[in-house]
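Peer 1: Predicted model and sequence below, questions to follow.
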Amino acid sequence: MTIPAAGTAEVVAEVVVVGAGAAGAASAYHLARLGHAVRLLDQASCFPRPKPCGGGMAASMQSLFPFDLSPVVDAVINQVRFTWCLEDSVTAELPGDAPFWIVRRSVLDAFLVEQARSAGASFEPGVAVQSLQRQGDRWQLRALGPGGQALEFQSQAVVIADGSGSQLAARHGLGPARPHFAETMAVEVDAEVAEPGTAHFEFGLVHHGFCWAFPRHGGFSIGVGTFIGRDPADANQVLSKLLPSLGLAADGGERRAGKLRIWDGHYPLHGRGENTGLVAVGDAASLCDPFLAEGIRPALISGCRAAEAIDAWLAGDGTALAGYSSYMRAEWGESMAWGKRIAQLFYRVPRVGYQLGVKRPTAPQRIAQILSGEMGYGDIAQRVIRRLLFQG
């Protein structure tokens, strides 16, 4: 580290990762494992920090890492229950062996950061990136560190992983210029869990959205989300009905409002021209599932694939970063395009959607397979859309 005359601390690295959530930490781990000098930054000074996230994660994500993820798993889900206004329930057994896990984001993020550090990445909490500019063949990041200290970082490549509130991605032409957000309220409740292997999705209480209740160690991760329309759900009113159905106090739990930056179209996730050397991952790349709000799986997939692409790009493959965008479009975006169409129809006529899209004999199993990563929305979309459009 050198200290310029102006008193600004300057750091040079091969790659700077902005944001130490699941996507950023996964990128930092793989880049460091591949031998690159990595700086992982996060604006939170206290880490790990809580996040408004249900914590559902496909167990297939284990294949992205050479280390065991079981230390972060709070619960193993073996069945999913769907209800309409807390009644008319349908239950589906999840396929395979432990296909869906519940994790706490603060625990998952901290675990991945520790793995990145063990692989050689440098982690710096309390660093808020203010600007990102290209200077010659390097990127210059200006930031404020702990206590307001001015910092500068220079790197050949930058991973933008600063979450749903990202300003950097759109500013540099990555992802949508005007992201679409779902309004959410997340609740953590400590309680005895009667069915520790059952995840619950409730579709009738929320206009243009749904509720979820996931068991975790010592309690529940509960949430309310609205996915279309401009009016956010009255989450507290919804929770006053949902929580008692689980044997909980109507006003219980620690509550956090948030916004999910959901998938809203195909966009480049890599910088082009003067923005070469940039990639966006996770929520900053607007990858969250627009129908079921799954965010951890695309965060981990994009974080790992972006690291592979940057590694190849630094080695001289000029097509590698474009290949990352193409990969995410093919492996995630094509499914999400169908998921968006299903969501637009389902959440506009949710009662019809529940009867025709969830209560059919095979539907719950199909949704369970989507959650576990065994199939995508494209595998069911045409039949579901036809039923919703023509109501059977």
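Peer 2: Now that the structure is in, tell me what you want to look at. Residues are numbered from 1 along each chain as shown.
Peer 1: And the longest helix anywhere in the chain, what does it pack against?
Peer 2: Using DSSP state H, we find that the single longest helix of the chain is helix 296-314. Secondary-structure packing of helix 296-314 (3 or more CB pairs under 8 Å, 6 or more residues apart in numbering; DSSP states H and E): strand 9-18, helix 22-33, strand 56-58, strand 150-160, strand 278-280, helix 320-328. From N, CA and C alone the C-beta is placed, and that goes for glycine too.
Peer 1: Now the most centrally placed residue in the chain. Nearest residue, chain neighbours left out?
Peer 2: Closest residue to the average C-alpha location of the chain: Gly295 at 2.7 Å, with CA atoms, centre = their mean. Sequence neighbours aside, Cys288 is the residue nearest to Gly295 in space, at 4.3 Å (criterion: CB to CB, 6 or more residues apart in numbering).
Peer 1: From Pro52, how far off is that neighbour?
Peer 2: 12 Å (CB to CB, to the nearest Å).
Peer 1: These two: who's more crowded?
Peer 2: Taking other CB atoms under 10 Å, Cys288 and Pro52 do not tie; Cys288 has more neighbours (25 against 20).
Peer 1: who's that one bridged to?
Peer 2: Beta-bridge pairing of Cys288 under DSSP bridges involves Ile262.
Peer 1: ok, now which ones touch it?
Peer 2: Each residue near Cys288 by CB atoms under 8 Å, 6 or more residues apart in numbering is listed here: Ser164, Ala182, Leu260, Arg261, Ile262, Trp263, Glu294, Gly295, Pro298.
Peer 1: Now with 7 Å, please.
Peer 2: Going by CB atoms under 7 Å, 6 or more residues apart in numbering, Cys288 touches Leu260, Arg261, Ile262, Trp263, Gly295, Pro298.
Peer 1: The last one is in contact with Trp332, isn't it?
Peer 2: Meaning Pro298. Yes: under the criterion of CB atoms under 7 Å, Pro298 makes contact with Trp332 at 5.5 Å.
Peer 1: Between these two, which contacts overlap?
Peer 2: With CB under 7 Å, 6+ apart, Pro298 and Trp332 have common neighbours Leu287.
Peer 1: Show me which of these two is the more surrounded one.
Peer 2: Neighbours per residue (other CB under 10 Å) separate Pro298 from Trp332, with Pro298 holding more: 26 against 21.
Peer 1: what's the spacing between the more buried one and Gly339?
Peer 2: Distance, Pro298 to Gly339, using CB to CB: 11 Å.
Peer 1: ranges for the helices of the stretch 51-200 of the chain?
Peer 2: Ranges of helices in the stretch 51-200 of the chain, per DSSP state H, counting those that start in this stretch, are 105-118, 168-171.
Peer 1: now do the stretch 201-350 of the chain
Peer 2: For the stretch 201-350 of the chain, helices defined by DSSP H, counting those that start in this stretch occupy the ranges 235-245, 296-314, 320-328, 334-346, 350-353.
Peer 1: Return the most buried member of the ones you listed.
Peer 2: helix 296-314 (a mean of 25; mean count of other CB atoms under 10 Å).
Peer 1: Many thanks, we can stop here.
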